[in-house]
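Engineer: below are the sequence and a predicted model; questions follow.
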Amino acid sequence: MLENLKLENILVVDIETVPQTPTYQDLDDRWKKLWNKKASFLVSDDETPEDVYGRAGIYAEFGKVICISVGVFFKPDDEWNFKIKSFYGDDERALLQEFCELLNANFNIPSKALCGHNGKEFDFPFLARRILVNGLKLPYLLNTAGKKPWEVNHIDTMQLWKFGDFKSYTSLDLLAALFDIPTPKDDIDGSMVHRVYYEENDLERIRIYCQKDITTLANILLRFKSLPILNEKNIQIAE
């Protein structure tokens with residue numbers, strides 16, 4: 001599969017998400033009850049639903065997307081290049097709409113594919129659910145209902161790394177270390193996004209972090225194909 005994988009047909013994707021509200025106390029009574037029920041499966045003996053509200057951002061029903069970074073490979077000469085663009089902001093519907101427009105314009109045919117790390121479990125279903133919640137139409141590559149597994153063009157580097165092994169989760173940071181790729185976690189990590197967004201109001205910092213993740217993901221994909229990783233001069237950031 002990796003030998004036949006055409007990098008130019010892949011859109012590399014990473015998202016950052018947060019809970020819908022800054023704190024548990026900001027939820028209305030209806031949503032507190034719903035979170036309490038969900039949190040009953042998450043809390044330990046000495047925790048309350050409020051204590052674990054920071055985890056709400058990983059559930060599409062209780063979270064929202066604040067940043068989507070995407071990247072495409074292209075090869076103008078002998079080296080692969082990688083172009084990155086981010087959709088980010090407080091208006092989830094607006095950034096999802098921009099992302100959908102990109103997919104509809106350039107990635108709406110069977111030969112195209114989405115790539116993420118743990119994307120099949122998290123990024124792709126989260127995006128699809130939030131797109132529907134916001135009243136938007138699902139783009140071709142996210143509209144997987146009724147499709148057979150081999151008809152879903154989603155590449156997951158975590159699944160590729162498993163080689164059929166189902167017993168463990170391998171983080172992007174761990175794979176980066178294994179392949180001697182610079183870590184994307186040199187400033188913040190996923191556990192800090194909630195605080196950086198709601199307390200520091202620093203979306204730009206989150207955008208930079210998300211773009212580091214997809215650059216790392218792109219490099220891992222290159223290493224999977226036994227190709228050299230990207231040099232800084234080969235990475236472009238689109239406005």
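Structural biologist: Everything's here; your move.
Engineer: okay, now residue 232: neighbour count?
Structural biologist: Taking other CB atoms under 10 Å as the neighbour definition, residue 232 ends up with a count of 6. Every residue, glycine included, has its C-beta placed from N, CA and C.
Engineer: show me the contacts for it.
Structural biologist: Residues near residue 232 by CB atoms under 8 Å, 6 or more residues apart in numbering: none.
Engineer: let's go with 10 Å and repeat that
Structural biologist: Residue 232 is in contact with residue 215, counting by CB atoms under 10 Å, 6 or more residues apart in numbering.
Engineer: from residue 82, how far out is it?
Structural biologist: 11 Å (CB to CB, to the nearest Å).
Engineer: between the two, which contacts overlap?
Structural biologist: With CB under 10 Å, 6+ apart as the test, residue 232 and residue 82 both reach residue 215.
Engineer: could you identify the helix or strand that succeeds the helix ranked longest in the chain?
Structural biologist: In the chain, with assignment by DSSP state H, the single longest helix is helix 203-224. Next helix or strand after helix 203-224 toward the C-terminus (DSSP states H and E): strand 235-237.
Engineer: from residue 227, how far off is residue 103?
Structural biologist: 26 Å.
Engineer: okay, the two: which has more neighbours?
Structural biologist: Neighbours were tallied for residue 103 and for residue 227 using other CB under 10 Å; the higher tally belongs to residue 103 (21 against 13).
Engineer: re the thing from before, now the longest helix of the chain, how far from the chain's geometric center?
Structural biologist: Between the centre of helix 203-224 and the centre of its chain there are 10 Å (CA atoms, centre = their mean, to the nearest Å).
Engineer: and that helix, which residues are buried?
Structural biologist: 203, 205-224 (16 or more other CB atoms under 10 Å).
Engineer: quick check: mean pLDDT of it?
Structural biologist: Averaged across helix 203-224, pLDDT comes to 95.
Engineer: export that helix to PDB, keeping only CA atoms.
Structural biologist: Extracted C-alpha coordinates of helix 203-224, given in PDB (Å, rounded to 0.1, in the frame of the first residue of the first chain):
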ATOM      1  CA  LEU A 203      -5.400  31.300  18.900                       C
ATOM      2  CA  GLU A 204      -2.200  32.200  17.100                       C
ATOM      3  CA  ARG A 205      -0.200  30.000  19.400                       C
ATOM      4  CA  ILE A 206      -2.700  27.100  18.900                       C
ATOM      5  CA  ARG A 207      -2.500  27.600  15.100                       C
ATOM      6  CA  ILE A 208       1.300  27.300  15.200                       C
ATOM      7  CA  TYR A 209       1.100  24.200  17.400                       C
ATOM      8  CA  CYS A 210      -1.400  22.600  15.000                       C
ATOM      9  CA  GLN A 211       0.800  23.400  12.000                       C
ATOM     10  CA  LYS A 212       3.800  21.800  13.700                       C
ATOM     11  CA  ASP A 213       1.700  18.600  14.100                       C
ATOM     12  CA  ILE A 214       0.800  18.300  10.500                       C
ATOM     13  CA  THR A 215       4.500  19.000   9.500                       C
ATOM     14  CA  THR A 216       5.500  16.200  11.800                       C
ATOM     15  CA  LEU A 217       2.700  14.000  10.400                       C
ATOM     16  CA  ALA A 218       3.900  14.700   6.800                       C
ATOM     17  CA  ASN A 219       7.500  13.800   7.800                       C
ATOM     18  CA  ILE A 220       6.300  10.500   9.300                       C
ATOM     19  CA  LEU A 221       4.400   9.700   6.100                       C
ATOM     20  CA  LEU A 222       7.600  10.400   4.200                       C
ATOM     21  CA  ARG A 223       9.600   8.100   6.500                       C
ATOM     22  CA  PHE A 224       7.000   5.400   6.100                       C
END
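Engineer: sounds good, over and out.
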